[in-house]
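**Student:** Compute the structure for the input listed below.
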Amino acid sequence: MAAGTKSSELRELNNQELVEKLRESKEELFRLRFQAATGQLENNSRLKAVRKDIARVYTLMRERELGIESVEPAEAVEAVENA
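**Tutor:** Sure, this is the predicted structure:
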């Protein structure tokens, strides 16, 4: 996760991988907050990027729970165009 994870990359993950990604992001956020509190944090924008990553994962998990597909997978779009 250099500058943040794209939602298209997250959509390629299955549910178990999303949960793992969420866990990793929360751990990273904890470490970043700890560094900020002790004055060791060098890149403050990373806090914002990790929070947004967490929100993206939660949003995607909720979409899947509700059965909402806001963006069609690339294969589906290609299949429709080729038909």
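**Student:** average pLDDT for the helix or strand where Met61 lies?
**Tutor:** Per DSSP states H and E, Met61 falls inside helix 45-66. Helix 45-66 shows a mean pLDDT of 93.
**Student:** Mind giving me the packing neighbours of that helix?
**Tutor:** helix 7-11, helix 15-38 (3 or more CB pairs under 8 Å, 6 or more residues apart in numbering; DSSP states H and E). C-beta: built from backbone N, CA, C; applies to glycine.
**Student:** thinking in terms of the whole chain, how far from its middle is the first one?
**Tutor:** In terms of CA atoms, centre = their mean, to the nearest Å, the gap separating the centre of helix 7-11 from the centre of its chain is 7 Å.
**Student:** mind listing what's buried in it?
**Tutor:** Leu10, Arg11 (16 or more other CB atoms under 10 Å).
**Student:** same check, this time on the longest one
**Tutor:** Neighbour counts using 16+ other CB under 10 Å place Leu18, Lys21, Leu22, Ser25, Glu28, Leu29, Leu32, Gln35 of helix 15-38 among the buried residues.
**Student:** which residues are in contact with that helix?
**Tutor:** 1, 5, 10, 13, 41, 44, 46-47, 50-51, 53-54, 57-58, 60-61, 64 (CB atoms under 8 Å, 6 or more residues apart in numbering).
**Student:** Many thanks, I have nothing further to ask.
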